[in-house]
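**Q** Give me a model of this one.
(one chain, ligands or ions: 1)
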Amino acid sequence: MHPKIGILALQGDFAEHVQVVKRLKAEPVLVKTPDSLASVDALIIPGGESTTISRLMKKSGIFPLLKRLVGEGLPVYGTCAGAVLLAKNTGDARVRPLGALDISVKRNAYGPQKESFEGAVAIVHGKARGRVIKGVFIRAPLITRTGRKVAILAVRKENGSIHPVAVRQGNVIATTFHPELTGETLFHSMLKELAERRQNEQA
Ligand code: GLN
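**A** Numbers count the residues shown, from 1 in each chain. Okay, here's the model as predicted:
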């Protein structure tokens with residue numbers, strides 16, 4: 001049976017993730033309530049506005065369940081605003097973080113003249129190590145700190161400095177850019193693998 005990949009559909013670009021999940025032959029499930037969250041093998045938190053998604057997660061009752069499930073090993077992948085929501089420190093009191101990834105982020109850190117841009121992202125970990133892919137950054141957060149247990153999967157070079165743009169800690173993956181907009185399936189495939197493993201464990 002195909003794994004069920006939930007896509008948090010409270011706000012943001014969840015529709016694009018649905019297309020990627022379908023392409024990978026997994027079953028997409030739109031998650032708007034705690035009930036629908038309880039039935040999935042993995043979850044994607046899309047890009048959007050992290051303050052809004054945070055507020056709606058609280059209002060819908062999803063926040064406490066998701067915090068518990070991710071702590072218990074539910075595979076979760078956050079893009080952009082999703083990465084902010086997964087972080088330990090968001091630097092913004094309006095965004096209540098899940099704290100599942102030991103990273104600190106600075107929201108909208110690329111400055112107004114760089115609201116949105118495309119740039120090279122180098123994969124530095126795993127099977128795809130050495131590949132350079134296109135990253136679409138839209139008011140992206142900057143990862144300013146990574147904890148000891150956090151693996152850096154991809155980096156971006158900018159103004160002489162190198163900073164992480166894709167990270168993983170166990171069952172949690174985050175990218176500050178949007179692979180769902182470029183047809184890049186590397187990170188979604190990684191999530192699908194974790195979802196299949198969880199499906200087998202729970203069967
Ligand atoms: N800047 C947004 C935030 O922090 C994220 C933008 C995005 O997800 N594309 O909420």
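**Q** Next one: Pro75 from Ala9, what distance?
**A** Noted for Pro75: a distance of 18 Å to Ala9, by C-beta to C-beta, to the nearest Å. Bear in mind the C-beta positions are built from the backbone N, C-alpha and C, glycine included.
**Q** More neighbours: the two, which one.
**A** Pro75 (26 against 20; other C-beta atoms under 10 Å).
**Q** Grab the nearest non-local neighbour of that one.
**A** In space, and not counting its chain neighbours, Pro75 is closest to Leu194: 3.6 Å by C-beta to C-beta, 6 or more residues apart in numbering.
**Q** What of Met57?
**A** Counting by C-beta to C-beta, 6+ apart, the residue nearest Met57 is Phe63, at 4.3 Å.
**Q** Could you double-check that that neighbour lies in contact with Pro97?
**A** No - Phe63 is beyond contact range of Pro97, at 10.2 Å (criterion: C-beta atoms under 8 Å).
**Q** and those two? which has more neighbours close in?
**A** Legend: neighbour count by other C-beta under 10 Å for Phe63 and Pro97, higher for Pro97 (21 against 18).
**Q** Now do the same for the more buried one: helix, strand or coil?
**A** The assignment at Pro97 comes out as coil when based on DSSP: H, G, I helix; E, B strand; the rest coil.
**Q** Counting neighbours, what do you get for Ser39?
**A** Using other C-beta under 10 Å, Ser39 has 10 neighbouring residues.
**Q** cool, and the one 5 residues further on?
**A** One way to gauge burial is a neighbour count; for Ile44, by other C-beta under 10 Å, it gives 28.
**Q** so which strand or helix has it?
**A** strand 42-45 (DSSP states H and E).
**Q** Just the CA trace of that strand, in CSV.
**A** Taking Å, rounded to 0.1, in the frame of the first residue of the first chain, the C-alpha atoms of strand 42-45 are listed here in CSV:
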residue,chain,number,x,y,z
ALA,A,42,4.2,11.4,7.3
LEU,A,43,3.5,15.1,7.1
ILE,A,44,4.6,18.1,5.0
ILE,A,45,4.4,21.6,6.4
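**Q** Mind checking if that strand is in reach of the ligand?
**A** No - counting by C-beta under 6 Å from any ligand atom, the ligand is not contacted by strand 42-45; separation bottoms out at 9.6 Å.
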